[in-house]
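[1] here's my sequence, what's the structure:
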Amino acid sequence: MNHVWNLDKIYAGFDAPAFSRDLSELKQAVTRFGTFADNLPQADPATALAEGITLLERITDLANKLAEYATLRQAADTTDTEAGSRIGQIMAVYSGAAAPEAAFRDWAAKRPDLMELAEANETLREYKFLFSNMSDSARYLLPGRGEEIMARMQLSGSNAWSELHQYLTSTVPVTYRGSTTNLSAIRNLASDADPSVRKDAFEAELACYEQIKAPVAYALNSIKLETLSDCALRGYSSPLERTLKESHIQRKTLDAMLGAMDEYLPKFQQYLKAKAKAMGHEKSLPWYDLFAPMGTSTTRFTPESARDYLVELFGGFDREIADMIARAFDEEWIDFFPRSGKQGGAFCGDVESIGESRVLTNFDGTFSSIVTLAHELGHAFHNECIRSHRTLNHEYSMPLAETASTFNECVVMAAAIRNAADDAERIALIESQLQDATQIICDIYSRYRFETAVFANREEQFMDADTLCDLMLTAQKQCYGDGLDEDCLHPYMWINKSHYYGPIFYNFPYAFGGLFARGLYAQYEKEGAAFLPKYKKLLYTTTVATAEDTAKVAGIDLTDKDFWRAALQTIADQIDLLCGLLER
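    Residues are numbered from 1 along each chain as shown. All right, here's what the predicted structure looks like:
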C-alpha cells in the first residue's frame, strides 16, 4: 500500500499535455461564455437558457479538475511554488467567467417564465433548485463587471492572505525538547499518554505561534475586511446573513440549534471537571489535557491494519460504504503521514473528473486516527452519493457538509464501545468520543462567538495579535466555563484553525453536522437496515434542497429545538455513563 496519494489519474504533472490542453480549453470556454453573455438580450430564451447551462457545466468541470489538482499538490507540499503559481494562473482564467456568469444569472433570474422554461427541458428540469436560488440571489449580484472585478481582486486579496496563513502554519519551525519539528507533528502529541509530553508540546506550540502571529493577524484582518466590504456592496446585512443564505439554512434553524447548545453547556463542563478530577488536577482541566487519553487503549494501527479494521466494520453496516473504503486504501486516495511542508489537519477533496476523492490526514496510529479516517471517508461516500447529479448540482451547503462524515464516526464509536473488552477500554472509547463532541459543541461555539466578535470589531479597528488573543480567550471562557482552567486556555486558536481564512463562518456547520448526524444515527438504531436507503436518499438530496427540506426526507424538523435537544441528550447520556465509570 502506498502511503502517499496518487494524483496521476488527474494529471501526470503540470507539464502534461492534458493539463495544457484543459487549461487552453478553459480559456476558450470562458471567452465563448463572454460572447454568449453579450448576445443574451437578442437570444431566444429557451435556447439561451440551455446554452448558458451547458457552457457553465463545461467551465465548472474544467476549472474544478485543474484547480483540484493544483490545490492537492499544494496541500501535500506548501513549498511547491509551481503549484501556487498554477493556482493563481487557473483562478485568473476562471475569474474571467465571473462577469458573464453574473450577467447570465441576472438575465435568467429576471425572466418571469424561468421555471416554465426549465420544466420544458429534460436537462434543465434537474436544475430547478439552482434556478430557484438564482432568482433569490440575483439581487446580491454586483452589476456590470463587478463580479469579475471582485473575483480578480480576491486573487491578490483574501486568496493570497489565505495562502500566506497556510504557508506560515505548515512551515513554521517548532522547537521541542531540543530538536526542531513541525506544527502537525507537535499537535499530534496533544493525545500522548505521557502528561509531560502533552504539556511540553502545548508550550512548544504556543511558542511557535509567537514567530508568525503578526503576519497571520494581518491576514485575518484583511480577509475579514474584504468580506465585510463584499457583503456591504452586495446588500447583505451581515456576513452571517450571507452565510445562511448561501448555506440554504434558516436563521430560525441556527437559533434553535445554538439555543439548545446553550442549555447543554453545563453538561459539557461537568464532563471536563470530572476528567480534571480523574487526572489529579486541583483546579479545572488545563487546555493541554483536553485530548489526554483516559482508560486503557494501547492499540496502534498502521495504514494497512486501519484498512482491515474499517472495511470489516463497515462491511457489517453497509456493503456499498465498505467497498468504497477498500477502494480508497487500495487505489491510493489517501496521503497518511505528517511531514514538513504538508498541510496540517485532515480533509477530503472530491475529484469529480475521475469520480474519486482524495483524503489528506496526519496519521499517528492511534484510534483517533481511525476516527479521523472514518470521518474523511464519510465525506468521500457523500461525494459518491451525489455523483449522479449533473455538474452544477454537486455542491452541498456547509451545514450539511459534515453529515456523512460524523455519521461514520458514530458507526465506528458505537461498535468500538459495544465491543470493549472491559471498563478501562470502555472509558477510553467513551472519553475519546466526548473529546470530539466537546470540540463540535464548546470549541465550535467559541469559534462562532470569536468570529462574530471579529466581524463586529473589524470595521472600526485593526485587531493586532494581542487583541485577537483576548477575543479568543473571552469566547473560550464563555463556552467552556469553569470546565477549563482559565489560566491555561489557548489564545492562539485563531492561528491554528484554517477555517477563519476561507469560507465565512465555517464553524457552526460542524456543530450542525455533528448533532444532525447523531440524530440520524439514533434513527438508524431504531430502524436498523431499513433506515439505510432513506439515509442515502438524504445524502443525495443535500445538493438540491435546503437544509430544512433535506431533513424532511428523514422526517426531521430542524426549526424545532427539541430535535437538537434530543441529539445533545445522546451526548449527555454518555457523559453520565463516563462519570459513573470514573466514580467506580
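[2] from here on, contacts and neighbour counts on C-alpha atoms
    Will do.
[3] the strands in the protein, which residues?
    174-176, 179-181, 334-335, 347-351, 356-360 (DSSP state E).
[4] any chance of the ones you listed in TSV, plus mean neighbour count, mean pLDDT and distance to residue 40?
    TSV is the format used below for those (neighbours: other C-alpha atoms under 10 Å; pLDDT from 0 to 100; distance: least, C-alpha to C-alpha, whole Å):
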stretch	mean neighbour count	mean pLDDT	distance to residue 40
strand 174-176	20	96	56
strand 179-181	12	95	57
strand 334-335	22	98	45
strand 347-351	21	96	32
strand 356-360	23	98	36
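[5] adding distance to residue 168, write the ones you listed out as JSON lines.
    Formatted as JSON lines, the strands of the chain follow (distance: least, C-alpha to C-alpha, whole Å):
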{"stretch": "strand 174-176", "distance to residue 168": "12"}
{"stretch": "strand 179-181", "distance to residue 168": "14"}
{"stretch": "strand 334-335", "distance to residue 168": "21"}
{"stretch": "strand 347-351", "distance to residue 168": "19"}
{"stretch": "strand 356-360", "distance to residue 168": "19"}
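[6] and of the ones you listed, who's closest to residue 74?
    strand 356-360 (11.6 Å; C-alpha to C-alpha).
[7] just name whatever secondary elements the closest one is in contact with.
    Contact partners of strand 356-360 among helices and strands, from 3 or more C-alpha pairs under 8 Å, 6 or more residues apart in numbering; DSSP states H and E: strand 334-335, strand 347-351, helix 367-385.
[8] what does the shortest one contact?
    Think strand 334-335. 3, 4, 5, 6, 76, 328, 358, 359, 360, 361, 362 (C-alpha atoms under 8 Å, 6 or more residues apart in numbering).
[9] are any of those residues buried, and which?
    Among the contacts of strand 334-335, those classed as buried by 16 or more other C-alpha atoms under 10 Å are 5, 6, 76, 328, 358, 359, 360, 361, 362.
[10] isn't the first one up against residue 356?
    To tie it back to what came earlier, the one meant is residue 5. No. Using C-alpha atoms under 8 Å, residue 5 is not in contact with residue 356, being 11.9 Å away.
[11] greatest separation within the buried ones among the contacts of strand 334-335: which pair is it?
    76 and 328 (17.2 Å).
[12] what about residue 263, neighbour count?
    For residue 263, the neighbour count with other C-alpha atoms under 10 Å is 11.
[13] pull up the gap between the closest residue to residue 292 other than its chain neighbours and residue 106, please.
    Residue nearest to residue 292 in three dimensions, not counting chain neighbours: residue 191, with 4.9 Å by C-alpha to C-alpha, 6 or more residues apart in numbering. Between residue 191 and residue 106 the distance is 51 Å, computed by C-alpha to C-alpha, to the nearest Å.
[14] got it, and residue 230?
    18 Å.
[15] the more surrounded of these two?
    Using other C-alpha under 10 Å, the more surrounded residue of residue 230 and residue 106 is residue 106, with 20 against 16.
[16] now the more buried one: how far from residue 40?
    11 Å.
[17] and for residue 415?
    Applying C-alpha to C-alpha, the value for residue 415 to residue 40 is 57 Å.
[18] of those two, who's got more company?
    Shown here are residue 415 and residue 40; by other C-alpha under 10 Å, residue 40 has more neighbours (18 against 12).
[19] turn the buried ones among the contacts of strand 334-335 into JSON lines, including distance to residue 86.
    Listed next are the buried ones among the contacts of strand 334-335 as JSON lines, based on distance: C-alpha to C-alpha, whole Å:
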{"residue": "5", "distance to residue 86": "20"}
{"residue": "6", "distance to residue 86": "19"}
{"residue": "76", "distance to residue 86": "15"}
{"residue": "328", "distance to residue 86": "27"}
{"residue": "358", "distance to residue 86": "19"}
{"residue": "359", "distance to residue 86": "21"}
{"residue": "360", "distance to residue 86": "20"}
{"residue": "361", "distance to residue 86": "23"}
{"residue": "362", "distance to residue 86": "25"}
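[20] and for residue 5 and residue 356, which residues touch both?
    residue 333.
[21] sorry, back to before: in CSV, list the helices and strands packed on strand 356-360 along with distance to residue 12.
    Formatted as CSV, these follow (distance: least, C-alpha to C-alpha, whole Å):
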stretch, distance to residue 12
strand 334-335, 17
strand 347-351, 15
helix 367-385, 23
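[22] now for residue 1, how many residues are close by?
    The burial count for residue 1: 9, using other C-alpha under 10 Å.
[23] does residue 322 touch residue 309 like I think?
    No. Counting by C-alpha under 8 Å, residue 309 is not a contact partner of residue 322; they are 10.5 Å apart.
[24] so for the two, which sits in the more crowded spot?
    residue 322 (19 against 15).
[25] tell me the contacts of that one?
    Here residue 322 is in contact with 310, 311, 312, 313, 314, 315 (C-alpha under 8 Å, 6+ apart).
[26] same check, this time on residue 107
    Taking C-alpha under 8 Å, 6+ apart as the test, what residue 107 contacts is residue 40.
[27] could you report the pLDDT at it?
    Per-residue pLDDT puts residue 107 at 93.
[28] one more: the one 10 residues further on?
    At residue 117, the predicted lDDT confidence score is 94.
[29] this completes my enquiry, with thanks.
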